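Asks: just a sequence and a predicted model for now, questions to come.
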Amino acid sequence: MREMKIRLGTTEIGLSRYLGLWLVVVFVFAVQGCVHDAFNAHLWSPPTYLRWSIVQWFAWAALAPLVFRIAARHPIQGPDRLRTLGLHLGASAGVTLLALVIGALVSTWFEPSGFSEQFRHFVSKHAATGMLTYWALFAIQQALHFRAEKTRREVEASRLAAELAQSRLRVLRTQLQPHFLFNTLHAISTLLSEDALSAEDMLLRLSELLRAFLEDYDGQEVSLRQELVLLDLYLGIQRTRFKDRLSTRIYIAPDTLDCAVPSLILQPIVENAIRHGIGERVGADCIEIESRREGDSLCLEVRNRNSTLEDGGGASGHGIGLSNTRLRLAELYGDAAQVRLDITWPEGVACRIRLPFRELDEADDAPELAPA
């Protein structure tokens, strides 16, 4: 059976808990009355003090929702605070008078005297306490309201921060696709007059790659297995473009295949490695991609053998690829991820990415890697 709720302004509390709180007040004031009369050598039986306290404070228990409603509807703030303060002064006197009347009426059922005598007794003994009770309930309502408002603002701020982070990530991710598309179409256009069959093959791979972009990779993270599918399509385009000048080697630790990585994390790094290596220098080049687990981190490396940092391969020379990767890693993982460039021996540059190792809960059904 569902417990009945008491509504106090914008706050709801279970009836048993509500009555329990008031019973604590009843007990405290019953003990206080008993101790007071004990010092004056005029002591009544303990149940009598408990009955008096119940009559007094359960009248306020019945009126507390009304006080909370008035306090919620007329907060003391803004330019009309003085007028609202006057309203609450009148309300405190009115609600206190109502509590005294209720207490006197109930007391006539237990006491031999009539209503008028009981009312005079309640006014003389409980009027000031009643006024203080009204303002105490008002203060409690305001404190609960400010706490609820603070919580609401914190939740709203967190939601807006999350939406802002997602918007930034979407912007960073969408920057990559037209950038890659432009570079690939430019490469295809240069092949049309030289090798129509190779240009056709590049167009087919490009169409598969774009289909994968649109259908399978709407989220910010994918498994490394899926990321390698996209990368293989891209490398097929570049191998067609550079022919025997470009070779690739991929070293993937099996326990990293289901690890979560930002989508399109490898393609722009590989593109930079090709552009700053074989794209600008004569001779052949080898692009190596490696993944391994080191403790709680996933390490990804993209290496080429035909470029140097001094020839424009530094951070500033990598343009949208490296800067975009740094920004995306910072948005997704904060300080838990990092990316850096190192020189390899005897020649070449390695881009090393470290991010938290986390396997996806459910591996996506990615297609198998296309043959080289």
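Replies: Everything's here; your move. Residues are numbered from 1 along each chain as shown.
Asks: ok, Gly114 touching Leu105?
Replies: No. If you go by CB atoms under 8 Å, Gly114 and Leu105 don't touch, sitting 10.8 Å apart. Heads up, the C-betas are built off the backbone N, CA and C, glycines and all.
Asks: can you give me the helices for the chain?
Replies: Here the chain has its helices, by DSSP state H, at 15-39, 46-73, 81-107, 115-192, 196-216, 224-242, 267-276, 319-333.
Asks: helices or strands next to the fifth one in the packing?
Replies: Contact analysis of helix 196-216 by 3 or more CB pairs under 8 Å, 6 or more residues apart in numbering; DSSP states H and E lists helix 115-192, helix 224-242 as its packing neighbours.
Asks: buried deepest among these, which one?
Replies: helix 224-242 (a mean of 22; mean count of other CB atoms under 10 Å).
Asks: that helix to helix 196-216, inter-axis angle?
Replies: 160 degrees (axes from the mean of the first three to the mean of the last three CA atoms, to 10 degrees).
Asks: packing partners for helix 224-242?
Replies: On a contact count with 3+ CB pairs under 8 Å, 6+ apart, helix 224-242 meets helix 115-192, helix 196-216, strand 246-252, strand 260-262, helix 267-276, strand 285-294.
Asks: check the offset of the lowest-mean-pLDDT helix or strand in the chain from the chain's centre.
Replies: Least confident helix or strand of the chain, by mean pLDDT, DSSP states H and E, is helix 196-216 with a mean of 73. Helix 196-216 sits 37 Å away from the centroid of its parent chain (CA atoms, centre = their mean, to the nearest Å).
Asks: hmm, back to that, could the helices and strands packed on helix 224-242 go into a markdown table alongside distance to Gly14?
Replies: Output for the helices and strands packed on helix 224-242, formatted as a markdown table (distance: least, CB to CB, whole Å):
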| stretch | distance to Gly14 |
| --- | --- |
| helix 115-192 | 15 |
| helix 196-216 | 49 |
| strand 246-252 | 57 |
| strand 260-262 | 42 |
| helix 267-276 | 57 |
| strand 285-294 | 50 |
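Asks: of all those, which lies closest to Trp109?
Replies: Judged by CB to CB, the one of the helices and strands packed on helix 224-242 that comes nearest to Trp109 is helix 115-192, at 10.1 Å.
Asks: TSV for the helices and strands packed on helix 196-216, including distance to Thr344 and mean pLDDT?
Replies: As requested, those are exported to TSV (distance: least, CB to CB, whole Å; pLDDT from 0 to 100):
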stretch	distance to Thr344	mean pLDDT
helix 115-192	24	77
helix 224-242	19	85
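Asks: and of those helices, who's closest to Trp22?
Replies: helix 115-192 (11.2 Å).
Asks: just checking, what packs against that closest one?
Replies: Partner elements for helix 115-192 (3+ CB pairs under 8 Å, 6+ apart): helix 46-73, helix 81-107, helix 196-216, helix 224-242, helix 267-276, helix 319-333.
Asks: among the ones you listed, which is the most enclosed?
Replies: Mean neighbour count (mean count of other CB under 10 Å) peaks for helix 267-276 among those, with a mean of 24.
Asks: now do the same contact list for the most centrally placed residue in the chain.
Replies: The centre of the chain sits closest to Ser158, judged by CA atoms, centre = their mean, with a distance of 5.2 Å. Not one residue lies near Ser158 by CB atoms under 8 Å, 6 or more residues apart in numbering.
Asks: any idea how far it lies from Thr151?
Replies: 11 Å (CB to CB, to the nearest Å).
Asks: next one: Tyr234
Replies: 47 Å.
Asks: now swap in Leu355 and tell me
Replies: Taking CB to CB, one finds Leu355 at 33 Å from Thr151.
Asks: what of Ile252?
Replies: From Ile252 to Thr151 the distance is 46 Å (CB to CB).
Asks: would you check that Ala59 makes contact with Leu105?
Replies: No. Taking contacts as CB under 8 Å, Ala59 lies outside contact range of Leu105: 9.2 Å.
Asks: quick check: angle from the least confident helix or strand of the chain to helix 267-276?
Replies: Here the directions of helix 196-216 and helix 267-276 differ by 150 degrees (the same axes, to 10 degrees).
Asks: rebuild the helices of the chain as a markdown table, extending it with distance to Ala260.
Replies: Shown next, in a markdown table, are the helices of the chain (distance: least, CB to CB, whole Å):
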| stretch | distance to Ala260 |
| --- | --- |
| helix 15-39 | 44 |
| helix 46-73 | 46 |
| helix 81-107 | 54 |
| helix 115-192 | 14 |
| helix 196-216 | 15 |
| helix 224-242 | 8 |
| helix 267-276 | 17 |
| helix 319-333 | 10 |
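Asks: those helices: which one's closest to Cys259?
Replies: Ranking those by proximity to Cys259 (CB to CB) places helix 224-242 first, at 5.1 Å.
Asks: just want the angle from that closest one to helix 115-192.
Replies: Per the same axes, to 10 degrees, the angle that helix 224-242 makes with helix 115-192 is 30 degrees.
Asks: now helix 224-242, how far from the chain's geometric center?
Replies: Remark: helix 224-242 is offset 35 Å from the chain centroid, using CA atoms, centre = their mean.
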